[in-house]
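Asker: Structure, please.
(4 chains)
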Number of protein chains: 2
Amino acid sequence: MTATLHDVARAAGVSIKTVSNVINNYPHVRDATRERVEAAIDELQYRPNQAARTLRSGRTDMIGLIVPDLRNPYFAELADDVMRAARAHGFSVLIEQFDADRDSELAALRGARRRGLDGVLYSVLSLGEDDAPLLDEVGMPMVLLGERIFHSAHDHVTMRNTEAAHAATAHLLAAGRRRVLALGSHPGEVVGSAGLRLRGYEGALADAGLEVDPALVVPVDRWHRVDGADAMRAALDAGLSFDGVVAFNDSLALGAMRVMLERGIRIPEEVALVGFDDLDETRYSLPALTTIDPGRSEIARVAVDLLVERITGDAVAEPREVLADFRLVERESTAG
Amino acid sequence: MTATLHDVARAAGVSIKTVSNVINNYPHVRDATRERVEAAIDELQYRPNQAARTLRSGRTDMIGLIVPDLRNPYFAELADDVMRAARAHGFSVLIEQFDADRDSELAALRGARRRGLDGVLYSVLSLGEDDAPLLDEVGMPMVLLGERIFHSAHDHVTMRNTEAAHAATAHLLAAGRRRVLALGSHPGEVVGSAGLRLRGYEGALADAGLEVDPALVVPVDRWHRVDGADAMRAALDAGLSFDGVVAFNDSLALGAMRVMLERGIRIPEEVALVGFDDLDETRYSLPALTTIDPGRSEIARVAVDLLVERITGDAVAEPREVLADFRLVERESTAG
DNA sequence: CTGAAAGCGCTTACAG
DNA sequence: CTGAAAGCGCTTACAG
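Answerer: Numbering: from 1, shown residues only, chains lettered A, B, ... in the order given. The predicted structure is shown next:
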């Protein structure tokens, strides 16, 4: 039914090798031959069979993006960035979501492998440093995003968590805030985003000569909007008093903002609020949210570049670690 | 390097056909043989080569999802729903984004074809009824989402746009609102979401014995948050007076909400506001947004089911059209 | 500059 | 219940 290389070769009166040469833009094809082949391709509406190409070449021109879930706007925006960066290299992106447990995360990795992708970008969530050996079994080029598993044999692109949290906290302190709540800690965590951001928060307090009040470090397990709302409600119900909030991501910040506003707390007059991620929507909340732009687009672009280099390159370079630049975006929630 | 069927066959002392039988769960394999083969598979860490399978069987077990862009939360949530539904059938999802022009949309369709996917879900945006012939050239099972191109030869899953917009408008009218602004029209459009929703708006006014005031029908080209904010700002600057707003999607509604609140307009006391889509975040705005739940998860599930049926089924059924049920979700933005 | 041929790793009639 | 063999549609040395 669909035309093959042989059909085109027959129609053009050449061998399949010549047709293949034309399709793959080999330089040494006589113009007349090329034209004849191209005419035959047009007429027969020939399209190369991807599966056959892949079987021969071992390349699928597809990479996987393994992320928690796209309902989380951060990952949706990241996916958009990754798809655009991949397209610039001629790659398509297969997204695999996983749930909040190790098994689901490992299943997503296995799925990427089963599909025979050329490589994967993997946004680590549950897996920790002890799981590094499992990553080596994936058996394809892989670039890690996010935190954890620092000492694996893989490239790693991430943001300056600690420095950025330090900057966000210092911004509140510089405006005279003295009781700054940290929203989103994961007690006991060291290498994850929560641990690193907490360290930045603590560092900024120390630099200002302030003690960390443990009551102001509020743990929140998952970082969705509902979790930020719930945690803030509990904090207010418990009578906690504070004049600033550093939320460890924007979803937490927006959930907390909603609860504070409905309790009549004025932002930023009574409580100044900073988030993390610079989601599109943070420009449209009221007040608009001051936040950290973590350099997500740059992270996506660099990660795709590294992965493509691993896929196409012959040189086996050392694993690299890239830290994107961040930026404090000042908006209404900390104004004045 | 990687083990093949032949390696496993040799190790187990059987033919490759028998190994294939074991892998594909053919019933008639002796237990002892099966165990021997499975042991060899484990030992050699054999994984079937997807490309070879696809070349033989013609199946990739991948479907495409062609959508405008994932930065739009509606499509991010849709993508999540589609991926979960596809996984239940053993399919992975390749997402192709397109920009706001016909060429980009056609390129995405061609890309899906080039990849040799088993089928595509296509959320139509720019293409219209005249383009139906182009869709037939895609040459693979396809299910349409969204509006436009009603009379193509393809299955189509969508929501009850007109009825839902009617219900949203009637909800405001029942609360005594008399000057209801429609936000997001596309002048001249008939078969698209904007045209259908406008018809519902007009119908509800007519049922209440009210005239449509053309000044209250506000066109907005793209339906992102920034567009809703801009349009609302312009409407207020022009001195337009109204006591209700039906926004044609939630992003428009949230953008408009932000502008009204910063102008000191009280919602819902002075202006009641309804959106469309039931995005996750509409529960966390202040006020929480009354909206239409368009049955997005159901749409995703039904669309995937239909597509899988087209892919695996032999019976060539007539194109079907499925309309999901909608629901008005009442929240604070229209309370009291 | 072009051709004949091998082979990528499977699945699937066809035998027995 | 299992085997021998063809063939899916390409790419790629190898010749000439």
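Asker: so how far does stretch A:170-187 reach from one end to the other?
Answerer: 22 Å (CA to CA, to the nearest Å).
Asker: Now it: buried residues?
Answerer: Across stretch A:170-187, burial judged by 16 or more other CB atoms under 10 Å in any protein chain shown covers A:170-173, A:177, A:179-186. Yep, even glycine has a C-beta here, placed from its N, CA and C like the rest.
Asker: Please, which helix or strand holds A:H156?
Answerer: Assigned by DSSP states H and E, A:H156 falls within strand A:155-159.
Asker: any idea how far that strand is from the chain center?
Answerer: When distances are taken as CA atoms, centre = their mean, to the nearest Å, strand A:155-159 is centred 10 Å away from the chain's centroid.
Asker: Can I get it as PDB, trimmed to CA atoms?
Answerer: The C-alpha coordinates for strand A:155-159 follow below in PDB (Å, rounded to 0.1, in the frame of the first residue of the first chain):
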ATOM      1  CA  ASP A 155      25.200  14.900  33.700                       C
ATOM      2  CA  HIS A 156      23.100  17.100  36.000                       C
ATOM      3  CA  VAL A 157      21.500  20.400  35.300                       C
ATOM      4  CA  THR A 158      19.900  22.300  38.100                       C
ATOM      5  CA  MET A 159      19.400  25.700  39.800                       C
END
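Asker: That strand pairs with which strands?
Answerer: strand A:142-145 (parallel), strand A:321-324 (parallel) (DSSP bridges).
Asker: That strand: what's the following helix or strand?
Answerer: helix A:161-174.
Asker: so what secondary structure elements neighbour that next one?
Answerer: strand A:180-185, helix A:193-207, strand A:244-247, strand A:272-274, strand A:291-293, strand A:327-329 (3 or more CB pairs under 8 Å, 6 or more residues apart in numbering or on different chains; DSSP states H and E).
Asker: can you give me the mean pLDDT across that helix?
Answerer: Average pLDDT, helix A:161-174: 98.
Asker: List the contacts of A:D243.
Answerer: For A:D243, the contact set (CB atoms under 8 Å, 6 or more residues apart in numbering or on different chains) comprises A:R177, A:R178, A:R179, A:V180, A:E270, A:V271, A:A272.
Asker: Quickly name whichever of those is closest to B:R327.
Answerer: Compare each of these with B:R327 using CB to CB and the shortest gap goes to A:V271, at 35.7 Å.
Asker: Phi and psi next, for the closest one.
Answerer: Per-residue torsions, A:V271: phi -130, psi 120 (degrees, to the nearest 10).
Asker: For burial, what's the neighbour tally of it?
Answerer: 24 (other CB atoms under 10 Å in any protein chain shown).
Asker: from memory it sits against A:L240, does it?
Answerer: No - if you go by CB atoms under 8 Å, A:V271 and A:L240 don't touch, sitting 11.1 Å apart.
Asker: what about the residue nearest the centre of chain A, helix or strand, and which?
Answerer: What sits nearest the mean C-alpha location of chain A, by CA atoms, centre = their mean, is A:L78, with 4.7 Å. Using DSSP H and E, A:L78 falls within helix A:73-88.
Asker: tell me which residues in that helix are buried?
Answerer: Those would be A:73-86, for helix A:73-88 by 16+ other CB under 10 Å.
Asker: Between the residues you listed, which sits nearest DNA strand C?
Answerer: A:A86 (25.1 Å; CB to the nearest atom of the strand).
Asker: close enough to count as contact, the closest one and A:L94?
Answerer: No - if you go by CB under 8 Å, A:A86 and A:L94 don't touch, sitting 10.2 Å apart.
Asker: For chain A, which helix or strand comes out least confident on mean pLDDT?
Answerer: helix A:132-136 (a mean of 81; mean pLDDT, DSSP states H and E).
Asker: ok, and what's touching that one?
Answerer: A:L106, A:L109, A:Y122, A:L127, A:M142, A:L144, A:I149, A:H151, A:S152, A:A153, A:H154.
Asker: Out of these, list just those in helices.
Answerer: Of the contacts of helix A:132-136, the ones assigned to helices by DSSP state H are A:L106, A:L109.
Asker: Against DNA strand C, which of the contacts of helix A:132-136 make the cut? List them.
Answerer: Applying CB under 7 Å from any atom of the strand to the contacts of helix A:132-136, one finds that nothing falls near DNA strand C.
Asker: Just the buried residues out of the contacts of helix A:132-136, in ChimeraX syntax.
Answerer: To isolate the buried ones among the contacts of helix A:132-136 in ChimeraX, judged by 16+ other CB under 10 Å, type:
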select /A:106,109,122,127,142,144,149,152,154
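Asker: export the contacts of helix A:132-136 to a markdown table and tack on distance to B:E262 and pLDDT?
Answerer: Below are the contacts of helix A:132-136 laid out as a markdown table (distance: CB to CB, whole Å; pLDDT from 0 to 100):
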| residue | distance to B:E262 | pLDDT |
| --- | --- | --- |
| A:L106 | 47 | 90 |
| A:L109 | 46 | 89 |
| A:Y122 | 41 | 94 |
| A:L127 | 43 | 82 |
| A:M142 | 46 | 92 |
| A:L144 | 41 | 93 |
| A:I149 | 44 | 66 |
| A:H151 | 48 | 70 |
| A:S152 | 47 | 74 |
| A:A153 | 51 | 81 |
| A:H154 | 46 | 87 |
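Asker: how near is whatever residue of the stretch 201-336 of chain A ends up closest to DNA strand D to A:S152?
Answerer: Closest residue of the stretch 201-336 of chain A to DNA strand D, CB to the nearest atom of the strand: A:T312 (12.1 Å). Between A:T312 and A:S152 the distance is 22 Å, computed by CB to CB, to the nearest Å.
Asker: again with A:S241
Answerer: 43 Å.
Asker: now do A:A107
Answerer: Using CB to CB, one obtains 19 Å as the distance from A:A107 to A:S152.
Asker: what's the distance between A:A253 and A:L121?
Answerer: Where A:L121 is concerned, A:A253 sits at a distance of 26 Å (CB to CB).
Asker: Actually, A:A235.
Answerer: Noted for A:A235: a distance of 36 Å to A:L121, by CB to CB.
Asker: got it, and A:I292?
Answerer: A:I292 is 21 Å from A:L121, by CB to CB.
Asker: ditto for A:I95
Answerer: 10 Å.
Asker: Surely A:R225 and A:G255 touch.
Answerer: Yes - counting by CB under 8 Å, A:G255 is a contact partner of A:R225 at 4.0 Å.
Asker: does the helix or strand hosting A:A229 come close to chain B?
Answerer: Using DSSP H and E, the element containing A:A229 is helix A:225-237. Yes - using CB under 8 Å from any CB of the partner chain, helix A:225-237 reaches chain B at A:R225, A:V226, A:A229.
Asker: Tell me the one among the residues you listed nearest to A:D7.
Answerer: Nearest member of the residues of helix A:225-237 next to chain B to A:D7, counting by CB to CB, is A:R225, at 55.7 Å.
Asker: Check the burial of the closest one by counting its neighbours.
Answerer: 23.
Asker: swap in A:D325?
Answerer: Neighbours around A:D325, by other CB under 10 Å: 13.
Asker: Ignoring the adjacent residues along the chain, who's closest to it?
Answerer: Leaving aside its chain neighbours, A:D325 sits nearest to A:G295 (5.2 Å; criterion: CB to CB, 6 or more residues apart in numbering or on different chains).
Asker: hmm, back to that, check the buried residues of helix A:73-88 one by one and keep those near chain B.
Answerer: A:P73, A:A76, A:E77, A:A79, A:D80, A:M83, A:R84.
Asker: Of those, which one scores lowest on pLDDT?
Answerer: When those are compared, the smallest pLDDT is that of A:P73, 92.
Asker: for that one, what are its contacts?
Answerer: Here A:P73 is in contact with A:D250, A:S251, A:D277, A:L279, A:D280, A:E281, B:P73, B:A76 (CB under 8 Å, 6+ apart).
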